[in-house]
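how does the following fold in three dimensions:
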Amino acid sequence: MTAVSTPRPTGPRQLAGTGTLVRFALRRDRAMIPVWIGVNALMVLSMPNTLKGLYGTSAERADLVRQMETNPSLRAMVGPVFDDSLGALTAWRVGVYAGALAAVMSLIIVVRHTRDEEESGRQELVASGMVGRRASLTAALLTAAAANAVLALLLTAGLAGQGVAGALALGLGIAGVGMVFATMAAIVAQLTESARLARGLTAGVLGAAFVLRAAGDSATDDGSSVLTWLSPIGWLENVRPFAAERWWVLLLFAAAVAVQAAVAYELAGRRDVGMSFLPTRPGPASGRLGSAAALAWRLQRGSLLGWSIGFFLAGVVYGGLTDGAADLVGDNDNARQIIERMGGQSGITDAFLSAMIGMLGLIAALYVVASVLRLHGEETSGRAEPVLANAVGRLRWAAGHLAGAFLGSVLIMLLAGLGFAVGYGKEAGPILGACLVQVAAVWVIGGLAVLLHGLAPRAAVAAWGVAGAVLLIGWVGPALDVPQAVLDVSPFGHLPKLPGGEMEWGPVLVLVLLAVALVGVGLAGLRRRDMST
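Residues are numbered from 1 along each chain as shown. Next up is the predicted model:
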């Protein structure tokens, strides 16, 4: 149901209390924001030394540039390279992913402090005080801007040794991507009545931007494709940090942020608190929604469909890159060693496949955390109470959501395996087996999320930090040649390196049993504790 009001007059009163709300938002996110910034900054700042070890001479770097110019598949994955300096190679290797991480951080911040607050009912309490109508939206955008500004400063300072102008351009470009999606999330938060849907739609736009950029970069080697220019991530590439910077491209970020923020402010002034411009369709109370499990499936199915499509397409893309892996590595022993640390010693092609499957396994951990924490969202929003007030026990209620989380992770990894088989064009059996092995580690991360939700619901969001730390270890650890003891902190570090390696059932079974134990303890805690609202 929608309830859109007539426009209210604007003025200073519309922003009353903004400063207090900003301080409150920063306090609430005092753990989450530093983690996101730290992971992103560490990924970028660690890259120059890694690249220096991989391509220590100018001849090796020039050869890499020539390879990228003739390899459209790899350009689709990481973008074009515009110069052979360490700074330019850093921007090429991690710029796209750093921009995407900044976008995810920003959309989470904005939705958390706008639509999430309205959905939980807290915004109505805040609005009853001396708080302006647009103060919450302004505070959310200022919080996102502060986070992106800190990230830009860290990147500029950390990469200044590679060239101050290039470091500043890269930092501003990554922050620009973050703010484009922050203001986009602000618009979507006005249109939808659900925080989950707002995050999902904005993330979908981010995925579309990534696909447009990939398609454009595969067509041209200089980022000049129209498809690349349609994507904010493509704008980041075309800033060309450390390669004759194009400062004027930053104006595109500024214009997009200004226009989208204006639209969000206009929409915020035309609706009532808690309402939206896109109505939520009421569902039937019987039939397919006659059980708690059916309701959980209805809530989870859209997210599962999106992840399934994304994993299948990612598998197709990475599978298509496999034949070119040997050409990319060439005679570079350091690059070969990194891939082998990630994927095993079974030959460069199998090692590359194993490394890419492992990366998708790490990303699948994000899916399982998001799906498990759907329980937390249902509980804190008060929607769980009407369900539990009927003849539905807590374990039965939780089981529907957990089935979507854990079985859904199996499905998306299977679809990823099918995508790899399609892209690579080889026998699917070994690849599907390698993808399914990843599920054991994914379930451990999901089990930790259940444990946190069951025993310490206020700390449940820390599951995102666990998933982020595991992602960082798996992604950056092999490139930095960190000790094996650090890699073993992650459950993914104990999995056999498939395909190509020898299957070891012992570690896989131990991880599955650990996941079962974590889920069991978490559900026991959920059954005994008070429900939060």
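
dead centre of this protein: give me the residue that sits there.
Computing the C-alpha centroid of the chain and ranking residues by C-alpha atoms, centre = their mean puts V104 first, at 5.4 Å.

what's the helix or strand for V177?
helix 164-191 (DSSP states H and E).

thought the residue nearest to the centre of the chain was touching L206?
Yes. Counting by C-beta atoms under 8 Å, L206 is a contact partner of V104 at 7.1 Å. All C-beta spots, glycine's among them, are computed from the backbone N, C-alpha and C.

so what's the backbone phi/psi at H113?
H113 adopts backbone torsions of phi -100, psi 10, taken as degrees, to the nearest 10.

tell me how many other residues surround it.
When neighbours are defined as other C-beta atoms under 10 Å, H113 has 25 of them.

from E60, how far off is it?
Per C-beta to C-beta, to the nearest Å, H113 is found 47 Å from E60.

also P507?
Here P507 is placed at a distance of 37 Å from E60 (C-beta to C-beta).

before we move on, back to that, between V104 and L206, what contacts are shared?
Common neighbours of V104 and L206 are listed as F181 (criterion: C-beta atoms under 8 Å, 6 or more residues apart in numbering).

helices and strands around the helix or strand where V94 lies, which ones?
Assessed by DSSP H and E, V94 sits inside helix 86-112. Helix 86-112 sits against helix 32-45, helix 47-54, helix 58-69, helix 72-78, helix 135-159, helix 164-191, helix 195-219, helix 232-238, with contacts defined as 3 or more C-beta pairs under 8 Å, 6 or more residues apart in numbering; DSSP states H and E.

and the angle for the second one with helix 135-159?
This means helix 47-54. Angle of helix 47-54 versus helix 135-159, following axes from the mean of the first three to the mean of the last three C-alpha atoms, to 10 degrees, is 40 degrees.

which helices and strands sit right next to helix 47-54?
Packing partners of helix 47-54 (3+ C-beta pairs under 8 Å, 6+ apart): helix 86-112, helix 333-343, helix 462-480.

which parts of it are buried?
By neighbour count with 16 or more other C-beta atoms under 10 Å, helix 47-54 contains the buried residues M47, P48, T50, L51, L54.

and that helix, how far out from the chain middle?
25 Å (C-alpha atoms, centre = their mean, to the nearest Å).

show me the shaky parts of the protein.
In the predicted model of the chain, residues 1-14, 16-17, 71, 73-74, 120-133, 271-290, 323-348, 381, 476-482, 532-533 satisfy pLDDT under 70.

50 - rerun?
The chain contains residues with pLDDT under 50 at 1-9, 285-286, 533.

show the end-to-end separation of stretch 496-510, please.
Using C-alpha to C-alpha, to the nearest Å, the gap from the first to the last residue of stretch 496-510 comes to 13 Å.

I meant stretch 224-235, not that one.
Span of stretch 224-235 from end to end, C-alpha to C-alpha: 10 Å.

buried sites along that stretch?
S225, L227, T228, W229, S231, P232, I233, G234, W235.

helices along the stretch 351-500 of the chain, start to end?
Under the criterion DSSP state H, counting those that start in this stretch, the stretch 351-500 of the chain contains helices at 374-380, 384-388, 394-424, 428-455, 462-480, 484-487.

now for the longest one, which elements pack on it?
Helix 394-424 makes packing contacts with helix 292-321, helix 348-372, helix 374-380, helix 384-388, helix 428-455, helix 505-528 when contacts are defined by 3+ C-beta pairs under 8 Å, 6+ apart.

pipe these into JSON lines and attach distance to A421 and mean neighbour count per row.
Converted to JSON lines, these look like this (distance: least, C-beta to C-beta, whole Å; neighbours: other C-beta atoms under 10 Å):
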{"stretch": "helix 292-321", "distance to A421": "7", "mean neighbour count": "19"}
{"stretch": "helix 348-372", "distance to A421": "11", "mean neighbour count": "24"}
{"stretch": "helix 374-380", "distance to A421": "31", "mean neighbour count": "21"}
{"stretch": "helix 384-388", "distance to A421": "40", "mean neighbour count": "15"}
{"stretch": "helix 428-455", "distance to A421": "4", "mean neighbour count": "24"}
{"stretch": "helix 505-528", "distance to A421": "21", "mean neighbour count": "16"}
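
mind putting those helices in CSV, distance to G95 included?
Converted to CSV, those look like this (distance: least, C-beta to C-beta, whole Å):
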stretch, distance to G95
helix 292-321, 18
helix 348-372, 18
helix 374-380, 32
helix 384-388, 42
helix 428-455, 27
helix 505-528, 34
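
please name whichever of the helices and strands packed on helix 47-54 is nearest to L305.
Among those, the nearest to L305 by C-beta to C-beta is helix 86-112 (19.3 Å).

run the chain-centre distance for the helix or strand following the closest one.
Downstream of helix 86-112, the next assigned helix or strand under DSSP H and E is helix 115-120. Centroid separation between helix 115-120 and its chain, computed with C-alpha atoms, centre = their mean, is 21 Å.

going forward, the N-terminal residue is numbered 313.
Sure, I'll start counting at 313 from here, so that last one is helix 427-432.

rewinding a little: with respect to A501, which of the helices and strands packed on helix 706-736 lies nearest?
Nearest to A501 among these is helix 686-692 (15.1 Å), distances taken as C-beta to C-beta.

so what does that closest one touch, helix or strand wise?
The contact analysis (3+ C-beta pairs under 8 Å, 6+ apart) places helix 686-692 against helix 507-531, helix 604-633, helix 696-700, helix 706-736.

7 Å instead, please
Applying 3 or more C-beta pairs under 7 Å, 6 or more residues apart in numbering; DSSP states H and E, one finds that helix 686-692 contacts helix 706-736.

what angle do the helix it packs on and helix 740-767 make?
Orientation of helix 706-736 against helix 740-767 (the same axes, to 10 degrees) gives an angle of 150 degrees.

circling back: any idea how far the residue nearest to the centre of the chain lies from V422?
From V416 to V422 the distance is 11 Å (C-beta to C-beta).

picking up where we left off before, among the helices and strands packed on helix 706-736, which comes closest to P803?
helix 740-767 (3.9 Å).

so what's the closest residue to V517 other than its chain neighbours up against?
In space, and not counting its chain neighbours, V517 is closest to M496: 6.3 Å by C-beta to C-beta, 6 or more residues apart in numbering. Under the criterion of C-beta atoms under 7 Å, 6 or more residues apart in numbering, the neighbours of M496 are T514, V517, Q572.

how about a markdown table for those residues, with neighbour count and distance to W709 added?
Shown next, in a markdown table, are those (neighbours: other C-beta atoms under 10 Å; distance: C-beta to C-beta, whole Å):
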| residue | neighbour count | distance to W709 |
| --- | --- | --- |
| T514 | 26 | 28 |
| V517 | 18 | 32 |
| Q572 | 19 | 38 |
